[in-house]
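Enquirer: Below are the sequence and a predicted model for it; my questions follow.
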Amino acid sequence: MPAAAAAADKRILLIAGPPSHGAGDHEHNAGVQLLQKCLAGVPGLRADAVLNGWPRDATVFEGADAIVLYCDGGEGHLALQGRNLAALQAVLAQGAGLGLLHYAVEPTKEKGQAEFLRWVGGAFEIHWSVNPVWTADFKALPRHPITRGVSPFKLRDEWYFNMRFVDGMAGVTPILSATPDSTTIRRRDGPHENNPHVRAAVAAGEPQIVAWAYERPDGKGRGFGFTGAHFHRNWGNDDFRKIALNAILWLARMDVPQGGVQSTVTAADLEANLDPVDENSGRKLPPAPDAIGHLAGSR
């Protein structure tokens, strides 16, 4: 554990995947540094951010009370590489919470799904779950520490739905639910795009869970799945951001204030730390080798 972490009662590890998608989308590095900045004023908490991939130094996991992954999913998921699942298991077995943001909720059925269901209670499953961009209207919120200080809101994002959850939803508490409109099923069937079950559910007007909390049955840890955050600009929405910040405290078994975690994000904050883009192609540049898994300074 970093020496300075000893002064805090709780420690969070925010891990960002490398650059992905176009500018302004999947801004993993900027996103975790923004969350880190917003958590800086929480008493008794230290938030460390690892940029551009899995931590180079395995000792950063020592003493972590919660780990949050914000990265691409599928076969390239950070947690599925090498022995990373085993490394996570070692930390979570000590009671650490695990949060998965956006694409990070998608492992593969062959590797990671069993673990994600055990740790977080839900996961994206290809040919079952879907990833349309739509405006979700969260008209009501459950009574839960994660929703403290959050008002009903409406926001356009790539909200995944029809997630695969543990049997009987045991231990799962829906945090954000909305009813998808017909625009979400316009695409052809595909691994992420559409399928007969989803078309039937949308036609029937079934509400869909797009964020959830999970209490592991062994009582040793908590999980949080959040399918939004495709668009970096959405971190500027106070209610959207507060859901994630409250959840991070909850994962670490900290008391969430009655009004939720207070934070302010400016336009300049949203522009800070964005992945560099090639001026000619407009594509994001890959990180330098020495920037992969780099531990960013705490704030």
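Expert: Here it is on my side, so go on.
Enquirer: Tell me the buried residues in the longest helix seen in the chain?
Expert: Among the elements of type helix in the chain, defined by DSSP state H, the one spanning the most residues is helix 238-251. Along helix 238-251, these residues count as buried under the neighbour rule (16 or more other C-beta atoms under 10 Å): 238-251. For the C-beta atoms, the positions are set from N, CA and C on the backbone; glycine is no exception.
Enquirer: tell me which strands and helices that helix is in contact with?
Expert: helix 28-39, strand 66-70, strand 97-101, strand 153-157, strand 172-178, strand 208-215, strand 222-226 (3 or more C-beta pairs under 8 Å, 6 or more residues apart in numbering; DSSP states H and E).
Enquirer: what distance separates it from the middle of the whole chain?
Expert: For helix 238-251, the distance between its averaged C-alpha position and the chain's averaged C-alpha position is 10 Å (C-alpha atoms, centre = their mean, to the nearest Å).
Enquirer: do the same with stretch 144-163
Expert: Taking the mean C-alpha point of stretch 144-163 and that of its whole chain, the gap between them comes to 12 Å (C-alpha atoms, centre = their mean).
Enquirer: mind checking the end-to-end distance for it?
Expert: Using C-alpha to C-alpha, to the nearest Å, the span of stretch 144-163 from its first residue to its last is 21 Å.
Enquirer: returning to that earlier point: just the C-alpha atoms of the longest helix of the chain, please, in PDB.
Expert: Listed in PDB are the C-alpha atoms of helix 238-251, where the atom choice follows Å, rounded to 0.1, in the frame of the first residue of the first chain:
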ATOM      1  CA  ASP A 238     -24.900  16.200 -11.100                       C
ATOM      2  CA  ASP A 239     -27.300  13.300 -10.500                       C
ATOM      3  CA  PHE A 240     -25.600  10.900 -12.800                       C
ATOM      4  CA  ARG A 241     -22.200  11.700 -11.200                       C
ATOM      5  CA  LYS A 242     -23.600  11.500  -7.700                       C
ATOM      6  CA  ILE A 243     -24.900   8.000  -8.300                       C
ATOM      7  CA  ALA A 244     -21.300   6.800  -9.100                       C
ATOM      8  CA  LEU A 245     -19.700   8.700  -6.300                       C
ATOM      9  CA  ASN A 246     -22.200   7.500  -3.700                       C
ATOM     10  CA  ALA A 247     -21.700   4.000  -5.000                       C
ATOM     11  CA  ILE A 248     -17.900   4.100  -4.500                       C
ATOM     12  CA  LEU A 249     -18.300   5.100  -0.900                       C
ATOM     13  CA  TRP A 250     -20.900   2.300  -0.400                       C
ATOM     14  CA  LEU A 251     -18.600  -0.300  -2.000                       C
END
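Enquirer: quick one: it to strand 97-101, angle?
Expert: Using axes from the mean of the first three to the mean of the last three C-alpha atoms, to 10 degrees, the inter-axis angle of helix 238-251 relative to strand 97-101 is 150 degrees.
Enquirer: what angle separates helix 238-251 from strand 153-157?
Expert: Comparing the axes of helix 238-251 and strand 153-157 via the same axes, to 10 degrees yields an angle of 90 degrees.
Enquirer: So which elements touch the helix or strand following helix 238-251?
Expert: For helix 238-251, the following helix or strand on the C-terminal side (DSSP states H and E) is helix 267-271. In this structure, helix 267-271 packs against helix 28-39, with contacts taken as 3+ C-beta pairs under 8 Å, 6+ apart.
Enquirer: can you list contacts of the helix it packs on?
Expert: Residues from elsewhere that reach helix 28-39, judged by C-beta atoms under 8 Å, 6 or more residues apart in numbering: 12, 14-20, 45, 47-52, 68, 70-71, 101, 229, 232, 235, 241, 244-245, 248, 261, 263, 265, 269-270, 272-275, 296, 298-299.
Enquirer: Check stretch 250-260 too.
Expert: Judged by C-beta under 8 Å, 6+ apart, the contacts made with stretch 250-260 from elsewhere in the structure are 9-12, 42, 44-45, 65-66, 68, 95-99, 145-150, 213, 222-224, 242, 245-246, 249.
Enquirer: Is it possible to mark the buried ones in the residues you listed?
Expert: Among the contacts of stretch 250-260, those scoring as buried are 10-12, 42, 45, 65-66, 68, 95-99, 145-150, 213, 222-224, 242, 245-246, 249 (criterion: 16+ other C-beta under 10 Å).
Enquirer: Any of the contacts of helix 28-39 buried? List them.
Expert: Burial of the contacts of helix 28-39 was assessed by neighbour count (16+ other C-beta under 10 Å); the buried members are 12, 14-19, 45, 47-52, 68, 70-71, 101, 229, 232, 235, 241, 244-245, 248, 261, 263, 265, 269-270, 273-275, 296, 298.
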